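Enquirer: Turn this into a structure:
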Amino acid sequence: QTYTNFGVWGRVGFLEIQYAPEKVYAANEDVPAPGVRGNRGDHPDRFGTEPYARTYTGQSYIKAHVGPLAAGFSSENVYWGPGHYAGIVMSDNAPGMGHFTVESAKPLKTKWGTLEGQFLTGNKMHSGFLYSRGPTSDGSSLADVERAPQMDSVFSVFTGAVGVWNPIWFPGMSIGITREIWTDGPVASDSKPWDYIALFYSNPFRGAGGGTQANIDQMASMFFRYVMPESHAEIYGEYGFDDNRYDLEDMLVSPEHSRAYLIGFHKIHPLKEKSEFMEFTYEVTQIEGSKEMINRIQFGYPVFYDSDYNHYGQQIGAGIGNGSNQWILNIDHVKNTRRVGFVYERIARDNDLLYSKNVPWVATWYGFDFTKKYIESSLGLNYEERFGPVLVWAKALLTQTYNWNYWYDPAGTGSPMRANGYNVKSLNLFTGLTLLL
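Expert: Numbering: from 1, shown residues only. From the prediction side, this is the model:
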């Protein structure tokens with residue numbers, strides 16, 4: 001896979017312009033077709049059978065500045081929340097969404113502290129692919145993902161907003177809140193003008209007033225970040241939920257319903273020289289559904305990312321996606337313009353499928369095999385160094401994958417502990433180069 005972009009930026013008076021297109025190419029080589037595919041949302045496990053090549057307008061925008069505000073049109077990625085490795089509601093995982101934005105260009109000072117925020121509205125596009133969903137009963141292959149050009153013009157209207165408050169009485173603390181609304185159900189190629197301002201009139205409670213608001217889905221989150229400059233450290237966290245609550249009682253009694261959260265800690269420890277230090281980051285992201293899934297299954301699939309929260313077939317929020325969890329530990333030694341360190345990553349892929357018994361393991365000779373989680377455990381090295389105007393980075397991960405895509409060997413006898421899983425070792429290399437002009 002390769003990703004390439006370039007950009008130019010300029011500002012004339014109140015007008016700010018950036019043009020930064022992106023090109024993505026992936027060989028998209030054949031792999032064993034999955035025995036399990038998620039049954040929610042537009043997130044194909046493979047983008048067809050041909051090489052994948054796409055060009056996007058990328059991190060481009062045109063904005064007008066008026067006092068502390070800026071407004072305009074953009075296709076750049078928007079990242080909300082304090083996470084270093086994941087944003088559970090908005091991140092740079094999917095291509096940037098074309099949108100209209102009104103945002104703070106600088107913090108607004110008040111007697112209670114500073115305020116920042118953004119409102120955006122736009123279209124999140126279909127992937128342009130169609131495929132059969134769900135598991136096969138015996139774990140055999142499903143049909144290939146097929147290109148569907150007729151879906152390229154299909155979209156869903158998205159509106160969202162974020163606000164951040166830095167209280168004057170608590171230096172170093174940031175408190176934020178987000179809300180996202182999008183047209184739900186089968187996506188349509190048409191839309192109504194008021195869909196683009198749904199954030200301002202949609203009721204946050206599904207049952208209030210007797211209405212179901214069945215044509216929209218909602219998401220919201222709260223987050224914090226506390227920076228301790230003297231300690232060169234920060235702690236941060238975010239808690240969000242998908243699917244608007246029935247009423248206030250439902251929100252207070254069952255806050256775990258369709259929730260996700262992340263929490264992290266970041267520390268920089270200076271060494272003998274001012275230009276040399278150790279950097280430590282630990283972050284946990286939990287998107288897997290809670291036990292509320294068992295109680296509320298008669299009302300649908302009450303988990304985070306319970307519907308179509310995708311743009312061009314990729315998750316708008318955390319890249320690990322539906323039902324997944326992630327741990328990341330990163331320790332780097334930084335001296336002058338060089339960074340070298342190691343990283344440990346563990347990702348549990350779509351545990352919701354397993355716990356809702358939507359995987360073939362329930363039909364094995366073993367019965368329900370509780371050990372068969374789709375897990376990626378990786379140990380790797382980081383490297384980054386600047387040579388004048390050139391910034392070079394690389395990352396190598398040695399990954400042990402257990403039960404890839406919930407595959408197993410129906411003919412295997414396994415062990416007294418578990419049935420045979422499709423386990424794979426792989427070396428994954430990532431590298432990049434940035435030229436600063």
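Enquirer: Kindly provide the distance from Tyr422 to Ile375.
Expert: Noted for Tyr422: a distance of 12 Å to Ile375, by CB to CB, to the nearest Å. Glycine gets a C-beta too; all of them are placed from N, C-alpha and C.
Enquirer: list residues touching both of those two?
Expert: Listed contacts common to Tyr422 and Ile375 are Asn403; contacts here mean CB atoms under 8 Å, 6 or more residues apart in numbering.
Enquirer: and Tyr239, what are its bridge partners?
Expert: According to DSSP bridges, the residues that bridge with Tyr239 are Met222, Tyr261.
Enquirer: Let me see the contact set for it.
Expert: Counting by CB under 8 Å, 6+ apart, Tyr239 makes contact with Ser221, Met222, Phe223, Arg259, Ala260, Tyr261.
Enquirer: contacting residues around Leu391?
Expert: Residues near Leu391 by CB under 8 Å, 6+ apart: Glu384, Glu385, Leu433, Thr434, Leu435, Leu436.
Enquirer: From the residues you listed, which land in strands?
Expert: Members of these lying in strands (criterion: DSSP state E): Glu384, Glu385, Leu433, Thr434, Leu435.
Enquirer: Between those residues, which sits nearest Ile347?
Expert: Nearest to Ile347, judged by CB to CB, of the ones in strands among the contacts of Leu391 is Glu384 at 22.4 Å.
Enquirer: Just the pLDDT at Gly380, thanks.
Expert: pLDDT for Gly380: 96.
Enquirer: same for the strand or helix carrying it, what does it pack against?
Expert: Secondary-structure assignment from DSSP states H and E places Gly380 in strand 375-387. Secondary-structure packing of strand 375-387 (3 or more CB pairs under 8 Å, 6 or more residues apart in numbering; DSSP states H and E): strand 338-348, strand 390-402.
Enquirer: Pull out the buried residues from the ones in strands among the contacts of Leu391.
Expert: Using 16 or more other CB atoms under 10 Å as the burial test, these include Glu384 as buried.
Enquirer: could you dump the ones in strands among the contacts of Leu391 to CSV with distance to Arg147?
Expert: Shown next, in CSV, are the ones in strands among the contacts of Leu391 (distance: CB to CB, whole Å):
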residue, distance to Arg147
Glu384, 37
Glu385, 41
Leu433, 32
Thr434, 33
Leu435, 35
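Enquirer: Which two of the contacts of Tyr239 have the greatest separation?
Expert: Using CB to CB, the two most remote members of those are Phe223 and Arg259, lying 13.3 Å apart.
Enquirer: And these two? Which one has more around it.
Expert: Between Phe223 and Arg259, counted using other CB atoms under 10 Å, Phe223 has the larger neighbour count: 25 against 22.
Enquirer: got a list of what the closest residue to that one other than its chain neighbours touches?
Expert: Nearest residue to Phe223, sequence neighbours excluded (CB to CB, 6 or more residues apart in numbering): Glu238, at 3.7 Å. Applying CB under 8 Å, 6+ apart, one finds that Glu238 lies in contact with Gly81, Pro82, Gly83, Ile88, Val89, Ser221, Met222, Phe223, Phe224, Tyr261, Leu262, Ile263.
Enquirer: What subset of those residues is buried?
Expert: For these, buried by 16+ other CB under 10 Å: Gly81, Pro82, Gly83, Ile88, Val89, Ser221, Phe223, Phe224, Tyr261, Leu262, Ile263.
Enquirer: As TSV, the helices and strands packed on strand 375-387 with distance to Gln315 would be great.
Expert: As requested, the helices and strands packed on strand 375-387 are exported to TSV (distance: least, CB to CB, whole Å):
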stretch	distance to Gln315
strand 338-348	13
strand 390-402	20
